[in-house]
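K.L.:
sequence plus the predicted model coming up.
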Amino acid sequence: MPTPFEGGCHCGAIRYRATAEPAGAAHCHCRDCQKTVGSAFTTFVFIPRDGIAITGQAKSYTVTGESGGNVTRSFCSDCGSPVYSEVTSMPGMVFVKAGSLDDPSWVQPGMQFWTDRQQPWGKIPGDIMSFATNPPQS
């Protein structure tokens, strides 16, 4: 994984630069993620909050996720691009949408979760760690 790396929304109003090594990458199949990205799942990298600088004014909203915890989703109010999320179950981490990276070619998700909500037309090929709901917290 390259460090630093950059990304942002489609129109460029929101930009970020990560200087911390990502803690990992994953796919999420929960219905909330499906609805916010308009597809079968979302793919993201998670980064320590103190290792990412975000510029521009993101619009955010908070929902109660399927796990019962809060998920705050941030997106561009101009172009509508989802950019990042923060979850109460993993404080101090930012979940950057892989599609918002300037170069997403290096992303290699090591797990997928909420596979009990996985759409039959959106199955992930290969053998990665899978969880029916959220992965266990350590």
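P.N.:
That came through fine. Bear in mind the structure is a predicted one, so any value in this text is a computation, not a measurement.
K.L.:
quick check: the residue nearest the centre of the chain vs residue 120, distance?
P.N.:
Geometric centre of the chain, nearest residue: residue 44, 3.4 Å, by C-alpha atoms, centre = their mean. Per C-beta to C-beta, to the nearest Å, residue 44 is found 22 Å from residue 120. For glycine as for every other residue, the C-beta is placed from the backbone atoms N, C-alpha and C.
K.L.:
hmm, back to that, and the helix or strand containing the residue nearest to the centre of the chain, what does it pack against?
P.N.:
Using DSSP states H and E, residue 44 sits within strand 42-48. Contacts defined by 3 or more C-beta pairs under 8 Å, 6 or more residues apart in numbering; DSSP states H and E place strand 42-48 against strand 24-28, helix 31-37, strand 82-87, strand 93-97.
K.L.:
quick one, what contacts the residue nearest to the centre of the chain?
P.N.:
25, 26, 28, 84, 85, 95, 96, 97, 98 (C-beta atoms under 8 Å, 6 or more residues apart in numbering).
K.L.:
and what of residue 22?
P.N.:
1, 3, 45, 46, 47.
K.L.:
if the closest residue to it other than its chain neighbours is in a bridge, with which residues?
P.N.:
Leaving aside its chain neighbours, residue 22 sits nearest to residue 45 (4.3 Å; criterion: C-beta to C-beta, 6 or more residues apart in numbering). Bridge pairing for residue 45 (DSSP bridges) gives the partners residue 25, residue 96.
K.L.:
who touches stretch 78-97?
P.N.:
7-11, 13-14, 16, 18, 23, 36-37, 42-50, 52, 54, 58, 65, 67, 69-76, 100, 134, 137.
K.L.:
mind giving me the PyMOL select for those residues, buried ones only?
P.N.:
PyMOL command restricting the contacts of stretch 78-97 to the buried ones, with burial defined by 16 or more other C-beta atoms under 10 Å:
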select buried, resi 7+8+9+13+14+16+18+36+37+42+43+44+45+46+47+52+54+58+65+67+71+73+74+75+76+100+134
